[in-house]
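Peer 1: my questions concern the predicted model and sequence given below.
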Amino acid sequence: MPKALGEAMTATDEVIDKWLPQVRKGLLEFMILEIVATRVSYGYEIASRLKAALRAEIAEGTLYPLLKRLVRDELVTTQWVTDSQSGPRKYYQVTKLGTQVLLRMRQEWAVIQAAREELAI
Amino acid sequence: MSRSQFSRHDAQVEGPLREFRLALTRALLQAPANERADLIRELELHVLEAAELGTGSAKQRMEQAIADLGPLSSFVPDLAAELRIQSSARRGSPTAAASLLLSHLGGGLAKSIALMLCGAAMLFALLLATCALGTLWIPEAGLYWNSLADFTLSFETQEHAHKVSNGVFVPLALALAAAIYLGCARVLVWVLRRR
């Protein structure tokens, strides 16, 4: 690889490395709501699904403050369930308000996507 | 080692888990006890499940599962703050209202009006309680009413007005002040919890 191209890649990576966590952080609540709207989920499952979908390493602990905030905002509820095989787990379930908020988030996301495509032409 | 071979009671599992629990407990000391215990349990189970599905020795799996959570400093302060707010919000405490207020600055007009009304009512409740308690030290303090049915809270004698008996005014005022203050604090927290 030519030296100039290699340097440009590094510079690009540096910018993306700063930009990407900010974008992800802003979208995590949206993504968590998508997950719990699909089916009731527990912390580890949510973290695993997020990591798999984003194909990225996420500090799993950082999801918990977001989950607590979603609970506080009454977008999700929690319930401890003990299964004979898996043991106790704390499950998160989307509320009616959470579903309404998720629908609005999807609409807003579509607007952002459309705007980006329009601006890129 | 497969999932079925991983035992939560293995010494190689219990050791790292105990250390993790201690570190978490220390980091969450500021959080309310009930919420802290619930959260620690949840995070412990997260780590155990991740370790069960991991690879390597039990100790390696535990260390990897704990590392995957990220440094405690990256999420525990936010968690502790969130738990404090939630705990106070359930009690409807004014501190919670202040915390929520700070995190929701810039809300809509309706929310701003509701906040102002609640604030004014809470201020009135404080004045009412002050006046009621003031009767203990200042004989003239109390509630006065005149022939036009105007009521005045005052710390000095009001001309052309009758003083409501302290035996009636003080308990009623204190009860009313407490009801207004606590009620408004709850309403305030409820309003602020709305997005």
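Peer 2: Done, it's in. A quick note: this is a predicted structure, and the numbers were derived from the prediction, not measured.
Peer 1: whichever residue of chain A sits closest to chain B: neighbour count?
Peer 2: Per CB to the nearest CB, residue A:59 is where chain A lies closest to chain B, at 2.6 Å. All C-beta spots, glycine's among them, are computed from the backbone N, C-alpha and C. Residue A:59 has 14 neighbours, counted by other CB atoms under 10 Å in any protein chain shown.
Peer 1: with residue B:35 instead?
Peer 2: So residue B:35, with other CB under 10 Å, has 19 neighbours.
Peer 1: name the surrounding residues that touch whichever helix or strand it is part of.
Peer 2: Assigned by DSSP states H and E, residue B:35 belongs to helix B:33-52. The contact list for helix B:33-52 (CB atoms under 8 Å, 6 or more residues apart in numbering or on different chains) reads A:43-44, A:47, A:60-61, A:64, A:86-90, B:3, B:6, B:8, B:13, B:17, B:20-21, B:24-25, B:28, B:31, B:58, B:61-62, B:64-66, B:68-69, B:79, B:83, B:86-87.
Peer 1: just the buried ones from these?
Peer 2: A:43-44, A:47, A:60-61, A:64, A:89-90, B:6, B:13, B:17, B:20, B:24, B:28, B:31, B:58, B:61-62, B:65-66, B:68-69, B:79, B:83, B:86-87 (16 or more other CB atoms under 10 Å in any protein chain shown).
Peer 1: up against chain B, what does chain A have?
Peer 2: Within reach of chain B by CB under 8 Å from any CB of the partner chain, chain A has these residues: A:43-44, A:47, A:59-62, A:64-65, A:68-69, A:71-74, A:86-90, A:101.
Peer 1: show me these that map onto strands.
Peer 2: A:87-90 (DSSP state E).
Peer 1: and the furthest pair within those?
Peer 2: A:87 and A:90 (11.3 Å; CB to CB).
Peer 1: for the longest helix along chain A, which helices and strands make contact with it?
Peer 2: When chain A is parsed with DSSP state H, its longest helix is helix A:3-38. The helices and strands touching helix A:3-38, judged by 3 or more CB pairs under 8 Å, 6 or more residues apart in numbering or on different chains; DSSP states H and E, are helix A:43-54, helix A:63-72, strand A:87-94, helix A:96-120.
Peer 1: deepest-packed of the ones you listed, please.
Peer 2: helix A:63-72 (a mean of 20; mean count of other CB atoms under 10 Å in any protein chain shown).
Peer 1: ok and that helix relative to strand A:87-94, angle-wise?
Peer 2: 60 degrees (axes from the mean of the first three to the mean of the last three CA atoms, to 10 degrees).
Peer 1: now the helix or strand just after helix A:63-72 - C-alpha only, PDB.
Peer 2: Scanning forward in sequence from helix A:63-72 by DSSP H and E, the next helix or strand is strand A:76-83. Listed next in PDB are the C-alpha coordinates belonging to strand A:76-83 (Å, rounded to 0.1, in the frame of the first residue of the first chain):
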ATOM      1  CA  VAL A  76     -40.000  -0.400  29.400                       C
ATOM      2  CA  THR A  77     -40.900  -2.400  32.500                       C
ATOM      3  CA  THR A  78     -38.900  -5.000  34.200                       C
ATOM      4  CA  GLN A  79     -39.800  -8.400  35.800                       C
ATOM      5  CA  TRP A  80     -37.600 -11.000  37.400                       C
ATOM      6  CA  VAL A  81     -38.400 -14.400  36.000                       C
ATOM      7  CA  THR A  82     -36.900 -17.700  37.300                       C
ATOM      8  CA  ASP A  83     -36.600 -20.500  34.800                       C
END
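Peer 1: for residue B:131, which non-adjacent residue is spatially closest?
Peer 2: residue B:153 (4.6 Å; CB to CB, 6 or more residues apart in numbering or on different chains).
Peer 1: what helices and strands are in contact with the one helix or strand that neighbour maps to?
Peer 2: In the assignment (DSSP H and E), residue B:153 maps to strand B:151-154. With contacts taken as 3+ CB pairs under 8 Å, 6+ apart, strand B:151-154 sits against helix B:109-134, strand B:142-145.
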